[in-house]
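S.K.: What follows is a predicted protein model with its sequence.
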Amino acid sequence: MKRRGLSVSSAALACGAALVVAPPARAVVGGPPPAASAAPADDEESSSTCKETFPAGAERPRMTESFPDRGKSGYALVLDVTVVHGKGESILPSGLGAESTGEAMKALEAAGFYLPNAKGASAPKLETKVDGNQGQSHLTIPVVALPKKPGRAELTLPPLPIAMARASGEVRTLCTAPHTVVLEDPIANTPDPKPRGNPGPVRQLEEWTAAKYAAIGAACAAVVAALVAFLIRLWRRRPRPVPPPPPPRPPWEVALEELFDVRVAQLVEQGRFAEHFDRVSDAVRRYLGARYGFDGLETTTHEAMSALRRVSPFIGALTDIESFLHNADLVKFAKLTPTEPECHSALGQAEEIVRRTMPVEDRFANLPAPAAPQGGAP
C-alpha cells in the first residue's frame with residue numbers, strides 16, 4: 001500500500017482498506033483525558049502530538065471508543081469513536097484536528113500505522129443523530145497496521161485528534177486514547193507460501209448514452225408513426241357524403257326515345273299490330289303523367305283528361321290527346337285490331353303530341369338544323 005504524507009486535519013476521513021474482524025476493546029472517556037491517554041515513556045513524543053483545546057472549566061463531551069486488540073499485518077483496523085455532545089455542536093467531516101500539523105501523521109507512521117487512500121472503498125464514515133438537546137456522532141476511522149519486522153508484533157495506536165465545531169463557530173479538538181493491538185503475519189500458518197499473482201480483470205459496465213438515446217428516439221418515433229397511421233386510417237374510413245344522383249332526364253326525351261325504339265323495331269312489318277299500338281299508347285300515357293304530375297299508366301282516360309283540363313296554361317293539343325287515348329282504349333280493351341296505316345298514323349300522332357306539349361325552348365332545340373344553301377352566296 002502506498003504511503004501518503006497527509007495532514008493531521010485530513011487523517012481520519014482519508015482512509016480505506018479491508019477490515020479485520022477482531023474482538024473490540026472499548027474505552028469510555030469522559031471529563032479530562034484518562035490516565036491511559038498518557039503514552040509510555042517510549043511514546044511520549046508521539047502522544048504529545050495530540051493536544052486538546054478545551055478552556056479551563058469547560059465540560060468535555062463524553063467519548064466512547066472501540067479498537068480491535070488483535071489483527072493481521074497489512075489489513076485495516078477500524079477505530080470506532082462515538083461522541084455525545086450538545087445540539088449546537090458537530091464533528092467536522094473534513095478530518096481530525098482541524099488545527100493539527102503534520103506531526104500527528106509522523107507520529108502515526110512512526111507507530112507503524114498508515115491511512116489508506118481517501119478515494120478507496122473503505123472511506124471513513126460520519127453519522128450524526130440529534131435527540132432533543134443532545135447529539136450523538138459516530139465516526140469510523142480505518143487504519144492499516146504495517147509493522148517494520150515480520151512475525152508477531154505489538155503496536156500502539158497513538159491518540160488521534162478529532163475536530164468539533166460549536167454553534168458560536170469556535171473549533172475545539174478532542175484526542176482519542178492510545179490503543180494496543182497484537183498483529184500476526186497473514187501467512188504465519190502457511191507452509192512455504194508462494195506469491196500470488198494479480199487478480200484477473202473485472203468486467204466494467206459503461207453506459208452507452210448514444211445508443212440509449214437512439215433507442216428511446218426509435219421507440220418514440222415508432223409510437224408516433226403508429227399513432228399517425230391510426231389517425232390516417234380513421235380519417236380515410238370516415239363517413240363521406242353520398243354524391244347527388246344525376247338529374248332526371250326530361251320526360252319528352254324519354255318519350256321520343258321510346259317511340260323511336262318502336263319505329264326501329266318494325267312491329268308493323270312483322271304483323272304485330274296490337275303490340276305496336278300498345279307500346280305507342282304506353283309511351284304517350286307515361287309521358288303525359290310525368291309531364292303533368294299524375295300516374296299516366298294507372299289512370300283511366302277519363303281521369304287523365306280531367307287532370308289535363310286542370311293544367312294551366314291550357315294545353316293546345318288537348319283534343320288530339322283525347323282522340324288518341326280513345327283509339328288506344330278501343331285497341332286495348334275492345335280488342336279492335338288496327339290496320340297497318342292506322343299503326344303508322346298512331347305513331348306519328350304520338351310523336352306530334354309529345355312535340356306540341358314539350359317546353360318551347362326544348363321544342364325548337366330538337367328541330368333539325370336548316371340545310372346550307374347550294375351554289376354560293378344568296
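M.R.: Now that the structure is in, tell me what you want to look at.

S.K.: Name the secondary structure element that contains the nearest residue to Thr53 once chain neighbours are set aside.
M.R.: Nearest residue to Thr53 in three dimensions, chain neighbours excluded: Thr173, at 4.6 Å (Cβ to Cβ, 6 or more residues apart in numbering). (Each C-beta comes from the backbone N, C-alpha and C, glycine too.) Per DSSP states H and E: Thr173 is located in strand 171-175.

S.K.: then the next helix or strand after that strand to PDB, C-alphas only?
M.R.: Later in the chain than strand 171-175, the nearest helix or strand by DSSP H and E is strand 179-184. Provided in PDB are the C-alpha atoms of strand 179-184 (Å, rounded to 0.1, in the frame of the first residue of the first chain):
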ATOM      1  CA  HIS A 179      -4.900   1.500  21.800                       C
ATOM      2  CA  THR A 180      -2.600  -1.500  21.700                       C
ATOM      3  CA  VAL A 181      -3.100  -4.300  19.100                       C
ATOM      4  CA  VAL A 182      -1.300  -7.700  18.600                       C
ATOM      5  CA  LEU A 183      -0.500  -8.400  15.000                       C
ATOM      6  CA  GLU A 184       0.100 -11.700  13.300                       C
END
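
S.K.: Please identify the buried residues of the following helix or strand past strand 179-184?
M.R.: Counting by DSSP H and E, the next helix or strand C-terminal to strand 179-184 is helix 209-236. For helix 209-236, a neighbour-count test (16 or more other Cβ atoms under 10 Å) marks nothing as buried.

S.K.: One more: stretch 268-282?
M.R.: 268, 273-274, 276-282.

S.K.: Am I right that Arg356 sits in a helix?
M.R.: Yes - judged by DSSP: H, G, I helix; E, B strand; the rest coil, Arg356 forms part of a helix.

S.K.: pretty sure it contacts Thr319?
M.R.: No - Arg356 is beyond contact range of Thr319, at 11.1 Å (criterion: Cβ atoms under 8 Å).

S.K.: higher neighbour count, the two?
M.R.: Arg356 (13 against 9; other Cβ atoms under 10 Å).

S.K.: which residues in this protein form strands?
M.R.: Taking DSSP state E to define them, one finds strands in the chain at 24-29, 62-68, 70-72, 76-86, 90-91, 113-114, 125-131, 134-145, 153-157, 161-165, 171-175, 179-184.

S.K.: which one in this structure is furthest away from the centre?
M.R.: The centre of the chain is farthest from one residue, Thr339, which by Cα atoms, centre = their mean lies 90.5 Å away.

S.K.: Now do Ala334 against Phe277, distance only.
M.R.: Using Cβ to Cβ, to the nearest Å, one gets 12 Å for the distance from Ala334 to Phe277.

S.K.: cool, and Asp295?
M.R.: 21 Å.

S.K.: Just the pLDDT at the nearest residue to Arg152 once chain neighbours are set aside, thanks.
M.R.: In space, and not counting its chain neighbours, Arg152 is closest to Glu184: 5.8 Å by Cβ to Cβ, 6+ apart. You'll see Glu184 listed with a pLDDT of 88.

S.K.: ok, so what distance separates Glu184 from Ala111?
M.R.: Distance from Glu184 to Ala111, by Cβ to Cβ: 18 Å.

S.K.: the more surrounded of those two?
M.R.: Of the pair Glu184 and Ala111, Ala111 is the one with more neighbours under other Cβ under 10 Å, namely 20 against 15.

S.K.: so what's the backbone phi/psi at the closest residue to the more buried one other than its chain neighbours?
M.R.: Excluding its sequence neighbours, the residue lying closest to Ala111 (Cβ to Cβ, 6+ apart) is Pro158, at 5.1 Å. Note on Pro158: its backbone torsions stand at phi -70, psi 160 [degrees, to the nearest 10].

S.K.: wait, doesn't Ala188 sit right on Gly151?
M.R.: Yes - the pair Ala188 / Gly151 is scored as a contact, 7.4 Å apart, by Cβ under 8 Å.

S.K.: Leaving out sequence neighbours, find the closest residue to Ala307.
M.R.: Phe294 (4.7 Å).

S.K.: need the contact list for that neighbour.
M.R.: Applying Cβ atoms under 8 Å, 6 or more residues apart in numbering to Phe294 gives the contacts 288, 303-304, 307.

S.K.: Out of the strands of the chain, the one nearest Ser323 is which?
M.R.: Ser323 lies closest, by Cβ to Cβ, to one member of the strands of the chain: strand 125-131, at 125.4 Å.

S.K.: the bottom helix or strand of this structure by mean pLDDT?
M.R.: Least confident helix or strand, the chain: strand 24-29 with a mean of 40, by mean pLDDT, DSSP states H and E.

S.K.: strands paired with the strand holding Thr173, and their directions?
M.R.: Here strand 171-175 has these sheet partners by DSSP bridges: strand 161-165 (antiparallel).

S.K.: follow-up on the earlier one: what about the residue nearest to Ala111, neighbour count?
M.R.: Neighbours around Pro158, by other Cβ under 10 Å: 24.

S.K.: surely it meets Cys50?
M.R.: Yes - counting by Cβ under 8 Å, Cys50 is a contact partner of Pro158 at 7.3 Å.

S.K.: Mind listing the shared neighbours of these two?
M.R.: By Cβ under 8 Å, 6+ apart, the residues touching both Pro158 and Cys50 are Ala104.

S.K.: can you pull up the bridge partners for the residue nearest to Thr53?
M.R.: Each beta-bridge partner of Thr173 is listed here: Ala163, as defined by DSSP bridges.

S.K.: distance of Met155 from Leu146?
M.R.: That one is not Met; residue 155 is Leu. 9 Å.

S.K.: Next, show the common contact partners of those two.
M.R.: 112-113.

S.K.: taking the contacts of Phe294 one by one, which sit in helices?
M.R.: Of the contacts of Phe294, the ones assigned to helices by DSSP state H are 288, 303-304, 307.
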